[in-house]
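Q: got a structure for you, letters missing:
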């Protein structure tokens, strides 16, 4: 199973990648790169930060869902209370609020794969 992991903080990207070591991870650090890598790799699931450079996670989610409407996008954000509804309205299936535990991340990923 391939997961596109979109996170602009290099340390968090590394931590999340380690947490998801049982999956094939494709990494992107901004919304534009996320859209390009989604087109190239067609992952099974997308974990999308909201606050990103270039194109934010909400807009990147809209673009990804135009490419493949049945894609499962899970938002991973510290701004869930402020922007969670916005990304859900854009088509994300769930929101994980940072910080979260490894078990919470794995359970959420399994739920949608």
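A: That came in fine, so what should we check first? It should be emphasised that the depicted structure is a prediction, and the values quoted were computed from it without experimental measurement.
Q: contacts for the worst-scoring helix or strand of the chain on mean pLDDT?
A: Across the helices and strands of the chain, mean pLDDT, DSSP states H and E gives its lowest value to helix 80-89, namely a mean of 91. When contacts are defined by C-beta atoms under 8 Å, 6 or more residues apart in numbering, helix 80-89 is touched by residues 48, 50-51, 57-58, 61, 73, 75, 77, 95-97. For the C-beta atoms, the positions are set from N, CA and C on the backbone; glycine is no exception.
Q: list the buried residues of that helix.
A: Residues 80, 83-84, 86-88 are the ones in helix 80-89 that count as buried (16 or more other C-beta atoms under 10 Å).
Q: mind putting these into JSON lines with distance to residue 34?
A: Output for the buried residues of helix 80-89, formatted as JSON lines (distance: C-beta to C-beta, whole Å):
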{"residue": "80", "distance to residue 34": "19"}
{"residue": "83", "distance to residue 34": "16"}
{"residue": "84", "distance to residue 34": "18"}
{"residue": "86", "distance to residue 34": "17"}
{"residue": "87", "distance to residue 34": "13"}
{"residue": "88", "distance to residue 34": "18"}
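Q: quick one, strands of this protein?
A: Secondary structure of the chain by DSSP state E: the strands cover 2-6, 24-28, 45-48, 72-77, 94-97.
Q: what about residue 74, neighbour count?
A: 21 (other C-beta atoms under 10 Å).
Q: show me what contacts the nearest residue in space to it that is not next to it in sequence?
A: In this structure, residue 74 finds its nearest non-sequential neighbour in residue 94, 4.8 Å apart by C-beta to C-beta, 6 or more residues apart in numbering. Applying C-beta under 8 Å, 6+ apart, one finds that residue 94 lies in contact with 74-75, 108, 111-112.
Q: got it, and residue 75?
A: 48-50, 57, 61, 84, 87-88, 92, 94-96.
Q: same check on residue 98?
A: Contacts of residue 98 by C-beta under 8 Å, 6+ apart are 12, 76-78.
Q: over to residue 73?
A: Neighbour list for residue 73: 45-46, 48, 61, 64-65, 87, 91-93 [criterion: C-beta under 8 Å, 6+ apart].
Q: could you work out the most separated pair of those residues?
A: Spanning the widest gap among those are 45 and 87, at 14.9 Å by C-beta to C-beta.
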